[in-house]
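K.L.:
Quick one, structure for this:
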Amino acid sequence: MAMCTQLSKKSLFLLSKAKLASSTGPVAAAGFVRHASDDLKSAFEAKIGPFQAEVKAFRQSHGNTKVGEITVDMMYGGMRGMKGLVTETSVLDPDEGIRFRGFTIPDCQDKLPKAPGGQEPLPEGLFWLLLTGEIPTEAQVQSVSKEWAARAALPSHVVNMLNNFPANLHPMSQFAAAIAALNSESKFAKAYADGLHKSKYWDPVYEDSMDLIAKLPVVAATIYNNLYRDGATPAPIDPEKDWAHNFTQMIGYQDPMFTELMRLYLTIHTDHEGGNVSAHATHLVGSALSDPYLSLCAGMCGLAGPLHGLANQEVLVFLSKVAKDIGLDANDEQLKEYVWGLLKSGQVVPGYGHAVLRKTDPRYTCQREFALKHLPDDKLFKLVSNLYSVVPPILMETGKVKNPWPNVDAHSGVLLQYYGMKEMNYYTVLFGVSRALGVCSSLVWDRALGLPLERPKSMSTEGLKKLVKA
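P.N.:
Predicted structure coming up:
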């Protein structure tokens, strides 16, 4: 009742609309509602007003409510566990795993549209879900595929830059540089310079995000072909095919199962709530009203770090070492002895553990299921599978590990190797192409909600000691 007296009739009307909309999304995993329009922008725009009203009403009622407590260890420990961000697109629950707008990965595999004859979800469908909270129809997904195909061409200066990079420049450095250079095409930067009202910022940010996502496979394919295909020109975009299919064709992979793998890979790596480095960096730079190109570039520079996007490479290096030391056909006892020796020497088992999750990463599970269907007899997969049964009990026995279960990186590299993509330095570029879907959809919502410049307060150790009376 108190809240009602604080709101105008107009706010109450918008709030009632917002509640109606929220009853369908996170689109209550059973009985979801499909939007009538095949146009993603219109479907997204219809969400903005009601959700703005919902957020406004919530802040008016609970703006001073405290959420958790921050400890000194959190401040020194990388802000782990601190609740300080709002991200609408996905939530990472320690026990349930990732949920995209309320949907689990198995939900997405089941409900999101597939390519004709395919079994894996299309990334276009997940992007629609992240933006709108609604499961799209096949027609809606096809409209996104066609739109991305129409927006995919690179400006000549970016092509020239990519073609003139030295071969010893890391693929992620090339990827980030090209994304920054694409900023010449920014519709948001131009609209801001022309004095666009802040209530409309979301519109050119949406357009930039759509352009950027459309161009990323072409950027990634140009890098791959220059480094590993003797500078081959990427195959032309087919407007009748999906985003992942066009990407695999551009880098010369014809196996339809590799295309299926890419559809799955590019779907499950998109988003992982807002606190990971690539998502947070993109959001942070975007809060300064840098355009999506510069914002994503910042996120990709973070993704390139060994503690974020390079983990699947470390897993492959580890698996290669296991194979060399005790063989691909090592039995459980040999693996147990090897893992214990590793731990006692102060090393870790790459691909195990997670900053938030306390169960097997659902992204690992769906890749494992893919492998069981398509490459059950592959020796490297069998080694990964055997480690899955051996490592968690050992890590639990040490009593020092909060999460002894495998994460997404424990599996992805093995699948890529099986289909012939042996170039480990390139794997993070694939991760980056996928992650753009999540962080760009969040950027559009950041501007739609008018989120301000992010500027947390920092303290010196001396000041912190005084504060806690140490």
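K.L.:
Next up, the contacts around Arg274.
P.N.:
No Arg there; residue 274 is Gly. Neighbour list for Gly274: 85-87, 280, 283, 442 [criterion: Cβ atoms under 8 Å, 6 or more residues apart in numbering]. For every residue, glycine as well, the C-beta is placed using N, CA and C.
K.L.:
And the furthest pair within the residues you listed?
P.N.:
Pairwise distances among the contacts of Gly274 were taken by Cβ to Cβ; the largest, 12.1 Å, belongs to Val86 and His280.
K.L.:
who has more neighbours, the two?
P.N.:
Relative neighbour count places His280 above the other of Val86 and His280, with 21 against 13, counting by other Cβ atoms under 10 Å.
K.L.:
low-confidence ranges in the stretch 351-470 of the chain?
P.N.:
Residues of the stretch 351-470 of the chain that meet the criterion pLDDT under 70 lie in 354-358.
K.L.:
the helices in it, which residues?
P.N.:
All helices of the stretch 351-470 of the chain, identified by DSSP state H, counting those that start in this stretch, fall at 362-374, 379-398, 409-418, 427-448, 461-467.
K.L.:
Need those helices in CSV (columns: mean neighbour count and distance to Gly63).
P.N.:
CSV is the format used below for the helices of the stretch 351-470 of the chain (neighbours: other Cβ atoms under 10 Å; distance: least, Cβ to Cβ, whole Å):
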stretch, mean neighbour count, distance to Gly63
helix 362-374, 19, 34
helix 379-398, 17, 42
helix 409-418, 24, 39
helix 427-448, 26, 19
helix 461-467, 11, 24
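K.L.:
Out of these, which gets nearest to Asp325?
P.N.:
Each of those has some distance to Asp325 by Cβ to Cβ; the shortest is helix 379-398, at 11.9 Å.
K.L.:
Packing partners of that closest one?
P.N.:
Taking 3 or more Cβ pairs under 8 Å, 6 or more residues apart in numbering; DSSP states H and E as the contact definition, the neighbouring helices and strands of helix 379-398 are helix 311-326, helix 332-344, helix 362-374, helix 409-418.
K.L.:
tell me, which helix in the chain spans the most residues?
P.N.:
Of all the elements of type helix in the chain, the one with the most residues (DSSP state H) is helix 202-228.
K.L.:
Sort out which residues of that helix are buried, please.
P.N.:
The neighbour-count criterion (16 or more other Cβ atoms under 10 Å) identifies 202-228 as the buried residues of helix 202-228.
K.L.:
Then stretch 313-324?
P.N.:
Taking 16+ other Cβ under 10 Å as the basis for neighbour counts, the residues of stretch 313-324 that come out buried are 313-316, 318-319, 322.
K.L.:
could you dump that stretch to PDB, C-alpha only?
P.N.:
This file holds the C-alpha atoms of stretch 313-324, laid out as PDB (Å, rounded to 0.1, in the frame of the first residue of the first chain):
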ATOM      1  CA  GLN A 313      44.500 -24.400 -23.900                       C
ATOM      2  CA  GLU A 314      46.000 -25.200 -20.500                       C
ATOM      3  CA  VAL A 315      43.700 -28.200 -20.300                       C
ATOM      4  CA  LEU A 316      45.000 -29.500 -23.700                       C
ATOM      5  CA  VAL A 317      48.600 -28.900 -22.600                       C
ATOM      6  CA  PHE A 318      47.900 -30.900 -19.500                       C
ATOM      7  CA  LEU A 319      46.200 -33.700 -21.400                       C
ATOM      8  CA  SER A 320      49.200 -33.900 -23.800                       C
ATOM      9  CA  LYS A 321      51.500 -34.200 -20.800                       C
ATOM     10  CA  VAL A 322      49.400 -37.000 -19.300                       C
ATOM     11  CA  ALA A 323      49.500 -38.800 -22.600                       C
ATOM     12  CA  LYS A 324      53.200 -38.400 -22.900                       C
END
